[in-house]
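Q: Coordinates for the following, if possible.
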Amino acid sequence: MARLNSLLFKVFAWFWSSIAITIVILLLISSVSFTDLVSKPLDSRKIRGIEKYALFIEKRFNSLPTSKQLQRLLHRSSRKRVLFLKGSTSEMSVLSGPVPESIDLNLLAEVDDLTPQYIFTENYHAIGPIKVKINNEVFHLYEVTPKRNPPLLIKFSLLPIWLKFTVPILVSLGLSFLFTRGIARPIRELRDAAEKVGKGELSSRVPNKYVGKDELGELSADFNSMAEQLEASMGVQRRLLADISHELRSPLTRLSLAVGLAKESNEERREGYLARIEKEAEQLDQMIGSVLMLSRLETKQQHLDLQEYVLSDVLIPVLQDAEFEAESLGKKINIEALPNLNIRVDRKIVSSAIENILRNGIRYAKSQITFEAKVEGNKVQLIIEDDGLGIPDHLLSKISEPFYRHSDARERNSGGAGLGLAIAKKAMTAHSGYLLLSNKPTGGLSVELVFNSLAEATQNTQSPKG
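A: Numbers count the residues shown, from 1 in each chain. As a prediction, the model looks like this:
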């Protein structure tokens, strides 16, 4: 069923409103404007009623009566009715009593059909004619009712022909104009906004007063949503370009410096500069790969290869690599037993997100990192905590932004580019999950990855080295 604010309902309502308004206007006009008369068939009950008067008159006279005799008889027989006996001449036509001057009984002469019927005029309606024969003289009897309100259809029939056509046309033209203008305005606004967006004005929107009221309003809302996403996407691209140009400046400077020193150094020292060049090139490659992944995730161009995996199969390779890296720095990862359950994810993207967070934890931990996976209802929670200094609370919402660093010098010295948490956050969003950051009461940062659905869980657990 169509909603009351839908375009379908509006078309339906406007159509029937035009008919209703036309009828009302015709009714108003019909009360002041009539043609001379209109008639319709008379039912048998009414015919029998007036035929009694006709028979009564015929039986009263054997010879042709005078007008006064006929009038007295009609007056006695009428009983509050106005009877009109129309003769062949006006002198032979009589009334049962006086009638208003506005009643023109000569109109009855215009009725060609002499079968009994209802006859409607502007100031009265009549029933008849019934033939009355007195001494071979033929009369026609009518029952006249002054100023009786005729039925609705009769009122319409009494209207002049030109008015019957003019009023509907004018009403439909007026309402059609208002209706089409109401439809054309949001379409015109939508077209103007589309043209502006096409010319690069990505902030252009359809005005709110045209949004969400009907199907056109929903289309305008969808257009505004599309324009917002396009503007946000282009903003992300511009910001990434600006951030990339800034981030590439330092490693490129170091590369140029290392190349220059390698050219001027002797054979023994040249090996060190070449190793430095190789290291900087690897960092650049990693940074560009991270930027490309982040860009695809932010613009939703990254295709997710969703498959069902055992959770431990996804986590164990990442955790083993992280353990090796932590041990090389004299740190330790404490891994709680992993639940044995199935989860539907893009393994490559999720593994990359977890790896980035683990490396951040290893980088800033004093000595220990804790990893825990648990199930709550239909959610899978992966919790990674370190025993470092943590992050000021007012910066927790910012550190997952691309290229953001709480301490620039510390981040660069540790080889990061400020993309790990940003990639992890976007990866979770792509999986309809989310990322939570908080500071531990005892010190250190806690990062929680929450997946909102899992495939099939059991109560078994598995060690990462299992």
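Q: so how many other residues sit close to residue 60?
A: Per other C-beta atoms under 10 Å, the neighbour tally for residue 60 reads 14. Using the backbone N, CA and C atoms, a C-beta is placed for each residue, glycine as well.
Q: I should have written residue 435 there, sorry.
A: 20.
Q: Do I have it right that it meets residue 451?
A: No: Residue 435 lies out of contact with residue 451 (C-beta atoms under 8 Å); the separation is 10.8 Å.
Q: Between the two, which contacts overlap?
A: Both residue 435 and residue 451 are in contact with residue 428, where contact means C-beta atoms under 8 Å, 6 or more residues apart in numbering.
Q: Residue 111 and residue 118: what is the separation?
A: Noted for residue 111: a distance of 11 Å to residue 118, by C-beta to C-beta, to the nearest Å.
Q: The helix or strand harbouring residue 279: what's the following helix or strand?
A: Applying DSSP states H and E as the criterion places residue 279 in helix 267-298. Once helix 267-298 ends, the next helix or strand along the chain (criterion: DSSP H and E) is strand 307-310.
Q: Skip ahead from that following strand and say which helix or strand is next.
A: helix 311-328.
Q: Can you give the distance of that following helix from its chain's centre?
A: Distance of helix 311-328 from its chain centroid, counting by C-alpha atoms, centre = their mean, to the nearest Å, is 48 Å.
Q: try stretch 129-145
A: With C-alpha atoms, centre = their mean, you get 71 Å for stretch 129-145.
Q: What of stretch 373-380?
A: Counting by C-alpha atoms, centre = their mean, stretch 373-380 comes out at 36 Å from the chain centroid.
Q: repeat for stretch 206-224
A: Worked out by C-alpha atoms, centre = their mean, stretch 206-224 lies 7 Å from the chain centre.
Q: now the end-to-end length of it.
A: 6 Å (C-alpha to C-alpha, to the nearest Å).
Q: Give me the buried positions along that stretch.
A: Neighbour counts over stretch 206-224 (16 or more other C-beta atoms under 10 Å) mark 206, 210, 211, 213, 214, 216, 217, 219, 220, 221, 223, 224 as buried.
Q: And residue 267, how close does it get to residue 330?
A: From residue 267 to residue 330 the distance is 35 Å (C-beta to C-beta).
Q: again, but for residue 452
A: 37 Å.
Q: higher neighbour count, these two?
A: The neighbour comparison of residue 452 against residue 330 (other C-beta under 10 Å) goes to residue 452, with 13 against 7.
Q: On the pLDDT front, check residue 80 for me.
A: Listed pLDDT for residue 80 reads 62.
Q: what does the one 10 residues further on give?
A: We have a pLDDT of 73 for residue 90.
Q: count of neighbours near it?
A: 10.
Q: 13 is where my numbering starts, stick with that
A: Sure, I'll start counting at 13 from here, so that last one is residue 102.
Q: Any stretches of the stretch 163-312 of the chain with poor pLDDT?
A: 163-176, 224, 248, 252, 255-256, 258-260, 262, 302, 307, 310-312 (pLDDT under 70).
Q: can you give me the helices for it?
A: In the stretch 163-312 of the chain, the segments counted as helices under DSSP state H, counting those that start in this stretch are 164-170, 173-210, 227-276, 279-310.
Q: got it, and the stretch 13-162 of the chain?
A: So, for the stretch 13-162 of the chain - with DSSP H, counting those that start in this stretch - the helices run 19-42, 56-72, 79-90.
Q: Distance to residue 413 added to these, as TSV?
A: Converted to TSV, these look like this (distance: least, C-beta to C-beta, whole Å):
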stretch	distance to residue 413
helix 19-42	42
helix 56-72	91
helix 79-90	100
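Q: so which of those helices gets nearest residue 190?
A: Proximity to residue 190 (C-beta to C-beta) singles out helix 19-42 among the helices of the stretch 13-162 of the chain, at 8.2 Å.
Q: per the record, what domains does the protein have?
A: 46-170, 319-474 (automatic domain parsing).
Q: residues in contact with residue 380?
A: By C-beta under 8 Å, 6+ apart, the neighbours of residue 380 are 343, 344, 345, 346, 398, 399.
Q: Enumerate every residue touching the second one.
A: Counting by C-beta under 8 Å, 6+ apart, residue 344 makes contact with 338, 379, 380, 381.
Q: Dig out what it forms beta bridges with.
A: residue 380 (DSSP bridges).
Q: Roughly how far does it sit from residue 154?
A: From residue 344 to residue 154 the distance is 118 Å (C-beta to C-beta).
Q: Could you do the first one as well?
A: Between residue 343 and residue 154 the distance is 118 Å, computed by C-beta to C-beta.
Q: quick one, which of these two is more surrounded?
A: Each of residue 343 and residue 154 has its neighbours counted (other C-beta under 10 Å); residue 154 has more, 22 against 19.
Q: Could you tell me the per-residue confidence at the closest residue in space to that one that isn't next to it in sequence?
A: In space, and not counting its chain neighbours, residue 154 is closest to residue 140: 3.6 Å by C-beta to C-beta, 6 or more residues apart in numbering. Reported pLDDT at residue 140 in the predicted model: 80.
Q: Show me what residue 140 is bridged to.
A: Counting by DSSP bridges, the residues bridging with residue 140 are residue 129.
Q: hang on, it packs against residue 157?
A: No: counting by C-beta under 8 Å, residue 140 does not reach residue 157; the two are 11.4 Å apart.
Q: which other residues reach stretch 65-80?
A: 81-82, 85-86, 89, 95, 97, 103-104, 106, 142-147, 149, 151, 153, 155.
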